[in-house]
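Enquirer: Below are the sequence and a predicted model; questions follow.
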Amino acid sequence: EAHRLTTSPTPRHRHRPAVAMSASAASLAGVRAPAVRSAAAKSASVTKRARVSARPARAARGVLQVAAAGDAAVESLQFLKPEEAKAVRDAFGTPAYVYDLARLEEQAEKALAFPNAFGLTVRYAMKASPNAAILKVFRKKGLNIDASSGYEVRRAVKAGFDYADISLSTQEFPDFFPELVERGLKVNACSLSQLEAFGEAFPGGEIGLRFNPGLGSGGTGKTNVGGPSSSFGIWHELLPEAKALCEKYELNVVRIHTHIGSGSDPAVWMKTSGMSLDLCREFPTVKTLNLGGGYKVGRMAYEKSTDLQIVGAPVKELFEAYKAETGTELRLEIEPGTFLLANSCAIVTTVQDKVTTGTDEGHVFLKLDAGMTEVLRPSLYAAQHPLVAVAADGTTPKTTAQYVVVGHCCESGDLLTPGPDDAESIAEREMGAVERGDMLVIEGAGAYCAGMSSKNYNSFPEAPEVMRGRDGTMHLIRKKQSLEQILENEVELADDAC
C-alpha cells in the first residue's frame with residue numbers, strides 16, 4: 001500500500017491572496033499570465049513564497065477586497081497512481097468518483113476501536129455517501145446505520161441491513177414511520193412534535209431522544225448542528241416538556257442522542273459528552289448514549305485529523321464514572337461519516353478548457369468537466385479540497401503553475417478554489433502545470449460529494465462511481481446517468497393546456 005500514501009513532504013509555496021469581489025467586478029477583472037516554474041526555480045524562490053502581497057484593484061473595475069490565503073503544500077495523490085487516473089478515464093470517462101476499498105476498511109477499523117467502557121455501536125452516517133457498494137463494505141465490517149430520512153432507511157435495507165441495525169434521526173419525520181418501526185427500526189425523536197407523533201402511534205414503546213445541548217461546533221456555521229442557532233434536536237431547556245410527553249404516552253426512553261457538528265472542536269465535544277450524561281441522569285431507563293460524529297478529517301496537507309483514541313479515552317472514563325455513580329453501564333454509539341469517507345475517494349476530472357483574464361489583476365482559469373454537480377462543498381461553505389494535476393499520458397507534470405479552478409456549470413459560484421473560510425472569494429492554487437486534455441484529481445471527495453451534489457444542474461448527468469479493489473482492480477459501482485434517465489420522470493404537457 002506504499003503508493004497510497006504521501007511518502008515525503010512536498011515543497012511549500014505561496015498562495016496568491018484570496019480575492020473577494022462582486023459579480024460585476026469578477027466579470028471585469030484584469031488578467032495575469034500563467035506563472036510556470038521549473039523545480040529548480042521553485043526551490044530558489046522558497047523564501048519569497050512565505051510572503052503574501054496584494055495589488056490594489058483599479059477603481060474602474062470595482063472594489064476588490066484582498067485577504068491573505070496563507071501558504072500550503074502542493075498536494076499529491078493520496079491513493080491513486082497517475083497511471084491509474086488515466087486508466088479510470090480510459091475505462092469510465094470523466095468525471096468519475098473513485099473509492100478506495102482498503103481505506104474504507106481501514107477507517108472502519110479505526111472507528112470500531114473507539115475507546116469504550118461497556119460496549120460500542122458504530123453507525124455509518126450514510127448521508128455522507130449512500131452508494132449500496134459502500135454500505136455493503138461497512139455492513140461486512142460490522143457497522144450499523146445512522147439514517148437521516150425514511151428513504152435512507154429503505155435504501156439501507158435494500159443494501160442488506162436489518163431494520164434493527166438502523167437508527168433514524170431526521171429533520172422530516174416520514175409519514176410511513178409506523179411501518180418502519182414495526183419492522184424493528186430504532187427512532188430518535190428530534191422534536192417535541194416527533195415525540196408526540198411516535199407516542200400516539202406506539203404508546204408504551206421504546207424511544208430515543210435527540211437533544212440540542214446548547215453548544216455547537218463545526219468547521220463553518222453550515223456544519224454546526226448544536227446551539228441556539230441550530231434547529232436540530234430538542235432544545236435542552238424543553239426537557240420538562242419532553243418528560244411530560246414520555247409520561248403521557250408511557251414511553252420507555254432507552255437512548256439519548258446528541259450531535260453538535262462536523263469538524264468539531266475536541267474540547268467542545270468533550271464538554272458536550274458530559275452534558276449528554278447529565279441528560280441520561282434524567283431518564284433512568286436509558287441504556288445507550290449516542291454522541292454523534294463530527295470527527296475532524298484533514299483533507300489538505302496543512303489540516304489535522306482527529307485521533308479517535310485521544311478523544312475517546314476521556315469519554316470512556318466519563319462512562320466508568322457514571323457507572324460508579326448510578327450503577328448503569330451505558331453503551332456508547334458514534335455516527336462517523338466524514339471520518340470514514342473523506343479521504344477514501346477522489347474524483348478524476350478532465351481540464352476541458354483553460355482561459356485567462358488579462359495580465360494585471362486577472363487569473364488563469366482551469367475549467368473542468370466537473371464542478372458543483374459532483375462536489376458542492378467548496379461552493380457551499382468554502383471547503384478546501386486538494387487538487388492534483390496529472391498529465392494526459394498518466395504522468396506527473398514536471399513544472400507548477402498557479403490557477404483558479406472552476407466547474408462546468410453556468411454559475412459564478414461553481415468554484416473549486418474559494419478563499420479559505422470564504423465562499424464569496426477566489427484564491428489561486430499552485431499545482432502541476434496543465435493544458436487542455438490533462439487531468440485534475442479532486443482529493444478528499446468521499447464524504448458529502450456524490451451524496452450531496454447538485455446533480456442534473458445544467459442537465460449534466462450523474463457521474464459514475466468506481467471502487468478500487470485491494471489489488472487495484474477498478475469496479476464500476478454506479479453507471480453514468482443517461483439523458484433518458486434524467487428525463488424519465490417528466491410528464492408531457494398537453495398542447496391544449498398551454
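Expert: Thanks, I have it. Numbering: from 1, shown residues only.
Enquirer: Counting by contacts, list what the top strand by length along the chain packs against.
Expert: When the chain is parsed with DSSP state E, its longest strand is strand 345-356. Contacts defined by 3 or more C-beta pairs under 8 Å, 6 or more residues apart in numbering; DSSP states H and E place strand 345-356 against helix 82-92, strand 96-100, strand 364-368, strand 439-442. The way it works is simple: take the backbone N, C-alpha and C, and place the C-beta from them, glycine included.
Enquirer: CA-only coordinates of the third one, as PDB, when you get a sec.
Expert: Coordinates of the C-alpha atoms in strand 364-368 are reproduced here as PDB (Å, rounded to 0.1, in the frame of the first residue of the first chain):
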ATOM      1  CA  VAL A 364      -5.600  31.800 -15.300                       C
ATOM      2  CA  PHE A 365      -8.700  29.600 -15.000                       C
ATOM      3  CA  LEU A 366      -8.900  25.900 -15.500                       C
ATOM      4  CA  LYS A 367     -12.400  24.700 -16.500                       C
ATOM      5  CA  LEU A 368     -13.100  21.200 -15.500                       C
END
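Enquirer: Next SSE downstream of that strand?
Expert: helix 377-381 (DSSP states H and E).
Enquirer: Quick one: mean pLDDT for that next one?
Expert: Average pLDDT, helix 377-381: 92.
Enquirer: and Ala102, how many residues sit next to it?
Expert: As a burial measure, Ala102 scores 16 neighbours (other C-beta atoms under 10 Å).
Enquirer: Per-residue confidence, it, what does it come out as?
Expert: Looking at Ala102, its pLDDT stands at 98.
Enquirer: Report the strands that pair with the longest strand of the chain, each with its relative direction.
Expert: strand 96-100 (antiparallel), strand 364-368 (antiparallel), strand 439-442 (antiparallel) (DSSP bridges).
Enquirer: Compile those strands into JSON lines and extend it with columns for mean neighbour count.
Expert: Below are those laid out as JSON lines (neighbours: other C-beta atoms under 10 Å):
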{"stretch": "strand 96-100", "mean neighbour count": "25"}
{"stretch": "strand 364-368", "mean neighbour count": "22"}
{"stretch": "strand 439-442", "mean neighbour count": "25"}
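Enquirer: Quick check: which of those is nearest to Glu317?
Expert: Judged by C-beta to C-beta, the one of the strands paired with strand 345-356 that comes nearest to Glu317 is strand 96-100, at 34.5 Å.
Enquirer: Give me the angle between the closest one and helix 82-92.
Expert: Angle of strand 96-100 versus helix 82-92, following axes from the mean of the first three to the mean of the last three C-alpha atoms, to 10 degrees, is 130 degrees.
Enquirer: Now do the helix or strand following strand 96-100 against strand 96-100, angle only.
Expert: On the C-terminal side of strand 96-100, the closest following helix or strand by DSSP H and E is helix 101-112. Computed with the same axes, to 10 degrees, the direction of helix 101-112 lies at 60 degrees from that of strand 96-100.
Enquirer: and helix 101-112, what other elements does it pack with?
Expert: So helix 101-112, by 3+ C-beta pairs under 8 Å, 6+ apart, packs with strand 120-125, helix 132-140, helix 338-341.
Enquirer: Run through who's touching the second one.
Expert: Outside of helix 132-140, the residues that reach it under the criterion C-beta atoms under 8 Å, 6 or more residues apart in numbering are 99, 101, 104-105, 108, 124, 126, 145, 155-156, 158-161, 340-341, 465, 467, 475, 477-478.
Enquirer: What of the last one?
Expert: Outside helix 338-341, the residues that touch it by C-beta under 8 Å, 6+ apart are 104, 107-108, 110-111, 124, 128-129, 134, 138, 262-263, 293-295, 297, 306, 308, 446-448.
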